[in-house]
Structure formats: C-alpha cells, structure tokens
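Asks: using only what follows, build the 3D model:
(2 chains)
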Amino acid sequence: MLAHLRLTLICWLIYLAVTANFELSNLVVGLLIGLAIATILRPESQPLSLRRLPAVLFNLAKYTAWLGVDIIRNGIRVARIVLDPKLPIRPGIIAIQAGMKSELGVALSAHAITVTPGEQVVEIGDDGVMYVHCLDVVTSAEGAEEAQRKRRAMLERIFE
Amino acid sequence: MKDLGYLIATVAILIGTFFSIVGIIGLVRLPDVYSRMHATGKVSTFGVVLLTLAAVFATPLAWSKALVLIVLLILAGPVVSHAISSASYRLGIPLKQAARDDLSSKRIQPPANQPQPAQAEPAE
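Replies: Here you go, the predicted model:
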C-alpha cells in the first residue's frame, strides 16, 4: 500500500512537471493517472526510512555533479581528438570489473561509463565484467579501475 | 534579468551548436561504427541538453518540463548507443585500427547452458 502511494506521488509530480499547469482539474487528472499507473505496475514494497532520505539525496546530488564534471571534461577531450587534423585515436576494447553484485549497480555503472564521451560499454559478461570501447584506449585503461572504484563507492552510498 | 537570460541562452546555443557540429564531423571522420557512436552520443548529451537549456532561458518554456526532458535524455541516450554497438559486435562488424580488444577472446554466445570459453584478462 505504501509502495503504491509512493509510486502514485512520484508519477503525479512528474506529470505536474511535464504539464506545468496547476489548475485544480489538472491536479485531479494527474492524480488519477498516477493512481492508474500504480495500480497497473503493482510495485513491490521496499523499506524506505525517512531518516536516510537526506543522505541519499545528498549523495545523489554529489554523484550527479561528479558525473557532470566527468562528461564535460571528456567531451572537451573527444572534441579535441575529432578536430585534430591527424585524428590521434587509439580505439580498442578493455575489460573492467564492475565489482558490484546487484544488477542495478552494474547497469548504473555501465550507464555512467557510456554517458561519458569517449567510452562506451559494448557488452556485459555474466560475471559483471564490462567490455568498454574507448576512443583512446591507453589513457582510458590507466584511469579505468580507479574511476570504477570511485563510482562504485558513490553508488553504494546511494543504494545501501 | 531578461538580458541576463538572453545572454545565458546565447552562450548555451553557441556551445551546444559547436558540440553538435563537432559530433557530426566526428561521425564523418572516425573509422568504424563503435568510434562513430562516441561522436553521435556527444550530440545527444551536449547538443540537445544545452539547446534545451537555451530554450528555458529565452522562451516561455517551463523549467520543470526541460528538467524532465533532460533527465530522460541523459538516462535513455546511453542505452541507445550501447544497444547499437552491442548489436554491431554480435553481427561481427570489425573494429578498425584496434589497439586492443579484450572482448575478442570471449566469444559472444546466445544465453544457453553451454560451457563458457576462457575469460578475458582483466584490465591492468
């Protein structure tokens, strides 16, 4: 029941954000749509303590900021490679151990790698090894393990 | 206040357009599918996000709409480029000028209960 309410609330907020219209009729329609989605999806209840919510939100903001800085830095690096007349690319695929047990954790690690320009996950093995295609394989291989360790620590602080 | 908004919008449009152009140049210049996905991915992250930001500051678009749009784009964009490059690898499209390929030693198989071949070496 609590999970239903929470999903309804989240759907309602997203609906209001998308429509950006706070008339009474729109509020009611949004609530009905949220209820319908929550009824169809039937979410499983997860323990959520309100005490941990501020810490989770803070860590989420920190992770987003770190990801943003990473995206901008790598975007400039890739732009420089593309615009260089000699096109100094050293493409290749390297294996990175995700080191996370949950599927969500591996998926989010792969998302973080793929969203950064210059690196993208081509394949994920059964044992959580991510095969990452890099534009510059030498530079990426140097920092890959360290970056993954940092990423894992941040993600575990959000979900654990 | 309005002038400041226009200034931010102009800068965002300039940077967003620059990165979109760089992405398309990369699409033309880079050698194979996998490298080209890097370039097009940049158009979807930098280009579209910055142009959406410009729209927030220069037009009466509600910022909450733009926020939802940007979050969905950032979440869905990488999934697309992963799907395309994964499908290309399964189809056997070769890497050009590959300096290293850890995946080649691990043949991709359909998910069945077959014995796995030797694992690739982890990155050093």
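
Asks: and the residue most central in space within chain A, what element?
Replies: Centroid-nearest residue in chain A, with CA atoms, centre = their mean: A:Leu108, separated by 4.7 Å. Take DSSP states H and E as the rule and A:Leu108 turns out to sit in helix A:103-115.

Asks: which non-adjacent residue is nearest A:Leu135?
Replies: A:Gly118 (4.6 Å; CB to CB, 6 or more residues apart in numbering or on different chains). C-beta coordinates here come from the backbone N, C-alpha and C atoms, glycine included.

Asks: SS state for A:Ala95?
Replies: At A:Ala95 the chain is in strand, as set by DSSP: H, G, I helix; E, B strand; the rest coil.

Asks: what pairs with it across the strands?
Replies: Here A:Ala95 sits in beta bridges with A:Tyr131, going by DSSP bridges.

Asks: separation between it and B:Leu51?
Replies: Here the criterion is CB to CB, to the nearest Å. By it, A:Ala95 lies 36 Å from B:Leu51.

Asks: between these two, which one's more packed in?
Replies: A:Ala95 (23 against 17; other CB atoms under 10 Å in any protein chain shown).

Asks: which ones are touching B:Ala12?
Replies: B:50-51, B:53-54, B:57 (CB atoms under 8 Å, 6 or more residues apart in numbering or on different chains).

Asks: circling back to that earlier point, for the residue nearest to the centre of chain A, give its distance to B:Met37.
Replies: 20 Å.

Asks: follow-up on the earlier one: can you flag the buried ones in the contacts of B:Ala12?
Replies: Taking 16 or more other CB atoms under 10 Å in any protein chain shown as the criterion, what is buried in the contacts of B:Ala12 is B:50-51, B:53-54, B:57.

Asks: so what's residue 103 up against?
Replies: Chain wasn't specified; assuming chain A. By CB under 8 Å, 6+ apart, A:Glu103 has no neighbours at all.

Asks: looking at chain B here, not the other one
Replies: Contacts of B:Leu103 (CB under 8 Å, 6+ apart): A:93, A:95, A:122-123, A:131, B:89, B:120.

Asks: tell me the pLDDT at it?
Replies: As predicted, B:Leu103 sits at a pLDDT of 72.

Asks: distance of it from A:Ala141?
Replies: In terms of CB to CB, B:Leu103 sits 14 Å off from A:Ala141.

Asks: residue ranges with poor pLDDT in the chain?
Replies: Answering for chain A, as no chain was given. Residue ranges of chain A with pLDDT under 70: A:45-50, A:160.

Asks: hmm, no, I was thinking of chain B.
Replies: Using pLDDT under 70, chain B drops low at B:1, B:105-124.

Asks: can you tell me what sits against stretch B:68-76?
Replies: Contacts for stretch B:68-76 (CB under 8 Å, 6+ apart): A:14, A:17-18, A:111, A:115, B:44-45, B:48-49, B:52-53.

Asks: between these, which is closest to A:Ile158?
Replies: Among the contacts of stretch B:68-76, A:His111 lies closest to A:Ile158 (CB to CB), at 13.2 Å.

Asks: alright, I will stop here.
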